[in-house]
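# Prediction below, plus the sequence it came from.
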Amino acid sequence: MSTSVDKDACREAYNQVRDDNTDINWAAFKYDGHLIVPAGQGTDYEEFKQMCTDDVRLFGFIRITTGDAMSKRAKFTLITWIGDNVSGLKRAKISTDKAKVKEIVQNFAKEFTFTDHKELDEDNIRDELKKAGGANYDAQTE
């Protein structure tokens, strides 16, 4: 059976992260059998990291504030998490399932696929988003 996405529920979670009028800065999407559904959302990135356990695969849409002394801006990233104990067949399905998630999660600056908890470090993600963001006026003070 192929995987499907609860588009309405996932779109609502996605839009809350994108909304500048909310404090929500992450939303996770998990597998519920053959259906991808919202797994939670929140304001603390550490809460998202705690969901990334060795026995799950999930997708995260994250808002991170980046910028420099001249400007601050929200950047978005799509994280695909694949735990160490996820079976080979489920790992293989991730790429086709991700395409379905991207029908909802369309606007992001950078995409990551992580399998190691160290890769989830928020500062590393912020640095990568900063590089993808273009002009960096902080370089003038270094």
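Cool, the structure landed.

# what number of residues lie near the residue nearest to V56 when sequence neighbours are not counted?
Using C-beta to C-beta, 6 or more residues apart in numbering and skipping the chain neighbours, the partner closest in space to V56 is G83 (5.2 Å). C-beta coordinates here come from the backbone N, C-alpha and C atoms, glycine included. Here the number of neighbours of G83 (other C-beta atoms under 10 Å) works out to 18.

# so how many other residues sit close to the residue lying closest to S2 once chain neighbours are set aside?
Spatially, and ignoring its direct neighbours in sequence, S2 is nearest to H34 (7.0 Å; C-beta to C-beta, 6+ apart). As a burial measure, H34 scores 11 neighbours (other C-beta under 10 Å).

# Repeat that for E46.
Applying other C-beta under 10 Å, I find that E46 has 10 neighbouring residues.

# cool, and the one 3 residues further on?
Here the neighbour count serves as a burial measure; for K49 (other C-beta under 10 Å) it reads 17.

# Also D55?
Neighbour count for D55, taken as other C-beta under 10 Å: 9.

# rewinding a little: so the residue nearest to V56 makes contact with M51?
No - the pair G83 / M51 is not scored as a contact, 10.3 Å apart, by C-beta atoms under 8 Å.

# check contacts around the residue nearest to V56.
Neighbouring residues of G83 by C-beta atoms under 8 Å, 6 or more residues apart in numbering: C52, T53, D54, D55, V56, R57, T115.

# Kindly recompute the last result at 7 Å.
The neighbours of G83, taking C-beta atoms under 7 Å, 6 or more residues apart in numbering as the test, are T53, D54, D55, V56, R57.

# secondary structure element for A74?
Here A74, judged by DSSP states H and E, is contained in strand 72-82.

# Report the strands that pair with that strand, each with its relative direction.
Strand pairing for strand 72-82, using DSSP bridges, gives strand 57-67 (antiparallel), strand 110-114 (parallel).

# buried set for the shortest one?
Same thing as strand 110-114. Residues K110, F112, F114 are the ones in strand 110-114 that count as buried (16 or more other C-beta atoms under 10 Å).
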